[in-house]
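*Asks:* Below are the sequence and a predicted model for it; my questions follow.
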Amino acid sequence: MTGFQRTIATLGGLAAAAALVIAFIGSGEAGIALLAASLVLALAGMRHHFSLWPQARVDLVASLGGMALLLSRLDGDMPTASWPLLIACWLFGWLAVEKTMAARNLPKALSSVLSLAVPVFFGAWIIFAWEVLTIGLQIPTVLLPPPSMIAVRFAESTSILWADFQQTVIKAALSGYILGCGSAFMVAILIDRVPFLQRGLLPVGNFVSALPIVGIAPIMVMWFGFDWQSKAAVVVVMTFFPMLVNTVAGLQATQAMERDLLRTYASSYFQLLIKLRLPTAAPFIFNALKINSTLALIGAIVAEFFGTPIVGLGFRISTEVGRMNVDMVWAEIVVAALAGSLSYGLLSLLERQVTFWHPSNRRKTP
C-alpha cells in the first residue's frame with residue numbers, strides 16, 4: 001500500500017465517522033456534505049484497492065454501532081437527521097466489505113470465515129434497512145410488515161410452520177424432486193445409448209416443460225387426490241426436463257480424442273460411461289440439481305393453491321392472505337426461502353467436493 005492509498009483510506013474513514021457524529025447530533029446538511037466527501041474518497045480508494053483488514057474491523061464496528069444507534073432512535077417516525085445516519089452506516093459497511101475482500105496475507109481459516117461473513121452481513125443490512133424504512137416511514141403492515149413483526153409471528157407459530165414444512169417440503173417437494181431427477185437421469189442414459197430416442201423424446205420433453213403449472217396442477221389433483229402425492233406429481237413434471245437436457249448435454253461434452261483413447265484400451269460402453277462421460281457430465285448434472293431444488297419447492301407451493309389438506313405452505317399462504325394476516329404469510333415465505341437456500345447450499349457444497357477438479361472450483365491463488 002502506498003502513502004497516497006493510506007491517506008485515501010484514512011480520510012474516507014474519518015469523513016464517514018464525522019458524518020456519523022454530526023448526523024447523531026442533528027445537523028443533517030453537514031452530515032450529508034461529509035458523506036458525499038467520504039463517498040468520493042471511498043470510490044477513489046476502491047480504484048486503487050487500498051483495503052486492509054485492521055481498517056475493515058474498525059469500519060465494521062462503526063457500521064454495527066450506527067445501526068444499533070439508529071434502531072434505538074426509531075419511535076414510529078424517522079427524523080430528518082436519521083437519513084444521514086442511515087447513509088453513514090451503509091457507507092461504513094461498504095468500506096468494511098471492500099477492505100475485507102481486498103485484504104491480503106490473511107490466514108486460511110480467517111479467509112474462509114470472511115467469505116461466509118460477507119454475504120451474511122449483506123443480508124443483515126437488507127433486513128436492517130427493511131426494519132428502519134418500514135417503521136420510520138410508517139408503512140402499513142398490511143402492505144409490508146417489519147422484520148421484527150415477522151420474527152415474533154415466526155416464534156409464536158413454530159408448530160404450524162413445522163407441520164407446513166413437513167407437508168410441502170419433505171413430503172411433496174423432496175419426493176417429487178427425487179423421482180423427477182432420478183427418472184430423468186435414467187432416461188438421459190437411455191437416450192445417450194439409443195440415438196433414436198434422442199430425436200423422439202427430447203421434443204416431447206420440451207413440449208411438456210412448456211406446459212403452465214397452473215394448468216398441470218388441477219389435473220394432477222384430480223388424478224392423485226388432494227394429499228401430497230398430487231403435488232409431488234407436479235414437481236416431477238417440473239424437474240424432469242431440466243435434468244434430462246443437462247444430463248444429455250453433459251454426456252455429449254467429452255472430446256472425441258478422449259473417447260478414442262479409452263476405446264484403444266478395449267473399454268466397453270459402460271466403462272466409458274463411468275470412467276469418462278459421467279465425470280465430465282457432473283457439472284451439468286449438478287447444475288440441473290441446483291435449478292430443480294428451487295423449481296421443486298415452487299411447484300409444490302403453487303400446486304397447493306389448487307387443492308390440499310388444511311396444511312402446507314401454499315395452503316397457509318392463500319388462507320392467511322384472505323385473512324389479511326400478512327405477517328404469517330411472510331413467516332411462511334421465510335420458511336420456504338430457508339428451505340430453498342439450504343438445499344441449494346448443500347448441493348453446491350456437494351458439487352465442490354465431487355467436481356473439485358473442475359476449473360470453476362479451483363481456488364485462485366493471489
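*Replies:* That came through, no problem.
*Asks:* Let's see the helix or strand that residue 229 is a member of as PDB, backbone CA atoms only.
*Replies:* Residue 229 is part of helix 228-251 when elements are defined by DSSP states H and E. Output of helix 228-251 as PDB, limited to C-alpha atoms (Å, rounded to 0.1, in the frame of the first residue of the first chain):
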ATOM      1  CA  TRP A 228     -49.100 -34.600  -1.100                       C
ATOM      2  CA  GLN A 229     -49.000 -37.200  -3.900                       C
ATOM      3  CA  SER A 230     -50.600 -34.700  -6.400                       C
ATOM      4  CA  LYS A 231     -48.000 -32.000  -5.500                       C
ATOM      5  CA  ALA A 232     -45.200 -34.500  -5.900                       C
ATOM      6  CA  ALA A 233     -46.500 -35.300  -9.400                       C
ATOM      7  CA  VAL A 234     -46.400 -31.600 -10.300                       C
ATOM      8  CA  VAL A 235     -42.800 -31.500  -9.100                       C
ATOM      9  CA  VAL A 236     -41.900 -34.500 -11.200                       C
ATOM     10  CA  VAL A 237     -43.200 -32.800 -14.300                       C
ATOM     11  CA  MET A 238     -41.300 -29.500 -13.500                       C
ATOM     12  CA  THR A 239     -38.000 -31.100 -12.700                       C
ATOM     13  CA  PHE A 240     -37.800 -33.800 -15.300                       C
ATOM     14  CA  PHE A 241     -36.900 -31.800 -18.400                       C
ATOM     15  CA  PRO A 242     -34.100 -29.600 -16.900                       C
ATOM     16  CA  MET A 243     -32.400 -32.700 -15.600                       C
ATOM     17  CA  LEU A 244     -32.900 -34.600 -18.800                       C
ATOM     18  CA  VAL A 245     -31.500 -31.800 -21.100                       C
ATOM     19  CA  ASN A 246     -28.500 -31.000 -18.800                       C
ATOM     20  CA  THR A 247     -27.500 -34.700 -18.400                       C
ATOM     21  CA  VAL A 248     -27.700 -35.400 -22.200                       C
ATOM     22  CA  ALA A 249     -25.600 -32.200 -22.800                       C
ATOM     23  CA  GLY A 250     -23.100 -33.300 -20.200                       C
ATOM     24  CA  LEU A 251     -22.800 -36.800 -21.600                       C
END
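*Asks:* Let's verify residue 167: helix, strand, or coil?
*Replies:* When classified by DSSP: H, G, I helix; E, B strand; the rest coil, residue 167 comes out as helix.
*Asks:* likewise residue 357?
*Replies:* Strictly by three-state DSSP, residue 357 counts as coil.
*Asks:* for residue 309, same thing?
*Replies:* Assigned by three-state DSSP, the conformation of residue 309 is coil.
*Asks:* ok, it - how many residues close by?
*Replies:* Other residues within reach of residue 309, judged by other Cβ atoms under 10 Å, total 12. Every residue, glycine included, has its C-beta placed from N, CA and C.
*Asks:* shouldn't it be in contact with residue 164?
*Replies:* No: counting by Cβ atoms under 8 Å, residue 309 does not reach residue 164; the two are 10.8 Å apart.
*Asks:* Find the residues that touch each one of those two.
*Replies:* Jointly contacting residue 309 and residue 164 under the rule Cβ atoms under 8 Å, 6 or more residues apart in numbering are residue 315.
*Asks:* Who are the contact partners of residue 67?
*Replies:* The contact partners of residue 67, by Cβ under 8 Å, 6+ apart, come to 89, 128.
*Asks:* Can you tell me the element it falls in?
*Replies:* helix 53-73.
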